[in-house]
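Q: Return a 3D structure for these sequence lines:
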Amino acid sequence: MVKGILHVHSDFSYDGINSIEEIANWAKSEKIDFVILTEHDNDFNDEKFDSYLEECRKNSNNIIIVPGIEYSFGKKRHIHINVFGIDQFLNTNNTIEDIPRFLKTVKSLNGIAVLNHPKSIVKELGFIDLSSLFGVELWNTKSDFLYSPDPRTYKLVKEKLMNKAVFVTSDIHTIPKNEYAKIISMETVADINSVVTLIRNRSFYCVFNNAIIENTFKDIQLNKVLLFLAGSHHKTYRFLRSIKRVLGLNVSPKIVKMIKLK
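A: You can find the predicted model right below:
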């Protein structure tokens with residue numbers, strides 16, 4: 001059995017804290033076999049990407065470091081797509097209109113593209129051709145709830161992305177001190193190509209807080225009560241946030257985090 005993690009940021013990202021070496025050492029101590037890094041594309045170019053690849057290779061002695069990029073699209077760059085399995089930086093104008101072409105390019109290069117935390121962009125996604133997309137984050141434990149996926153994402157995947165591979169990630173920006181989502185497989189891995197093949201063949205499932213999430217939506221059995229509570233929780237949080245704005249209340253980040261159960 002092998003264990004890995006997807007959607008991890010090092011200090012190659014503007015908001016990443018740890019170096020790739022630190023992440024590799026931590027992963028080894030956690031008995032993780034592979035880490036799929038997904039650095040923000042904001043300030044990347046070919047030169048920085050080459051440096052990034054070299055750093056990944058240098059730290060792949062004890063575990064497998066898979067280099068990936070989290071590409072962003074839209075005027076606010078709010079639509080995020082993880083891409084890995086490609087040893088080159090892809091050009092895009094970062095517009096929503098470029099997403100279908102971009103996804104087709106990734107697929108033609110035998111890369112893997114995963115749509116990240118889509119809960120807040122459901123309406124926009126209805127107008128985008130996602131046929132070349134490989135997978136989707138059903139549950140991002142950093143931006144969703146700790147006990148359930150966001151019901152908006154659940155509904156989107158059920159209605160429009162049923163045939164896509166399903167992932168659970170923890171969107172790691174610093175070495176976690178608490179529970180984090182993992183990819184588990186009965187396959188063996190020896191290098192980057194074998195990790196990418198494992199994912200492409202859907203020979204995995206995801207685990208978070210003892211919950212097992214299969215890689216195909218039709219096989220997933222989620223607690224509908226928790227989904228309902230997550231929906232109610234989200235509406236309550238939005239209401240409290242609006243009251244905060246109207247009244248100009250200063251609520252500490254710690255309290256907000258408690259309300260969101262992060």
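Q: Tell me how many other residues crowd residue 20.
A: When neighbours are counted by other C-beta atoms under 10 Å, residue 20 registers 24. All C-beta atoms are positioned from the backbone trio N, CA, C, and that covers glycine.
Q: swap in the one 10 residues further on?
A: Residue 30: 16 surrounding residues under other C-beta under 10 Å.
Q: okay, it: pLDDT?
A: Listed pLDDT for residue 30 reads 97.
Q: Could you report the distance from it to residue 5?
A: According to C-beta to C-beta, to the nearest Å, residue 30 and residue 5 sit 9 Å apart.
Q: Same check on residue 89?
A: Distance from residue 89 to residue 5, by C-beta to C-beta: 22 Å.
Q: The two: which is more packed in?
A: The neighbour comparison of residue 89 against residue 5 (other C-beta under 10 Å) goes to residue 5, with 23 against 19.
Q: The more buried one and residue 176 touch, don't they?
A: No - if you go by C-beta atoms under 8 Å, residue 5 and residue 176 don't touch, sitting 9.3 Å apart.
Q: what do these two both touch?
A: Residues touching both residue 5 and residue 176 by C-beta atoms under 8 Å, 6 or more residues apart in numbering: residue 170.
Q: Wait, residue 150 touches residue 144, no?
A: Yes - using C-beta under 8 Å, residue 150 and residue 144 qualify as a contacting pair, with a distance of 4.6 Å.
Q: Assign a three-state SS to residue 69, would you?
A: Classification of residue 69 by DSSP: H, G, I helix; E, B strand; the rest coil places it in strand.
Q: Next, count neighbours for it.
A: 24.
Q: what about it, distance to residue 49?
A: For residue 69, the distance to residue 49 - C-beta to C-beta - is 8 Å.
Q: which residues are common contacts for those two?
A: Joint contacts of residue 69 and residue 49 (C-beta under 8 Å, 6+ apart) are residue 89.
Q: And for the residue lying closest to residue 28 once chain neighbours are set aside, the neighbour number?
A: Leaving out its chain neighbours, the residue that sits closest to residue 28 by C-beta to C-beta, 6 or more residues apart in numbering is residue 62, at 4.7 Å. Applying other C-beta under 10 Å, we find 12 residues neighbouring residue 62.
Q: so which strand or helix has residue 62?
A: Assigned by DSSP states H and E, residue 62 belongs to no helix or strand.
Q: Hmm, residue 23 and it touching each other?
A: No - applying C-beta under 8 Å as the test, residue 62 and residue 23 come out as separate, 11.6 Å apart.
Q: Helices along the stretch 101-250 of the chain, start to end?
A: Counting by DSSP state H, counting those that start in this stretch, one finds helices in the stretch 101-250 of the chain at the ranges 122-125, 151-160, 192-200, 224-247.
Q: need the least confident one among these, by mean pLDDT.
A: helix 224-247 (a mean of 65).
Q: Need the pLDDT of residue 61.
A: 84.
Q: actually residue 210, sorry about that
A: 85.
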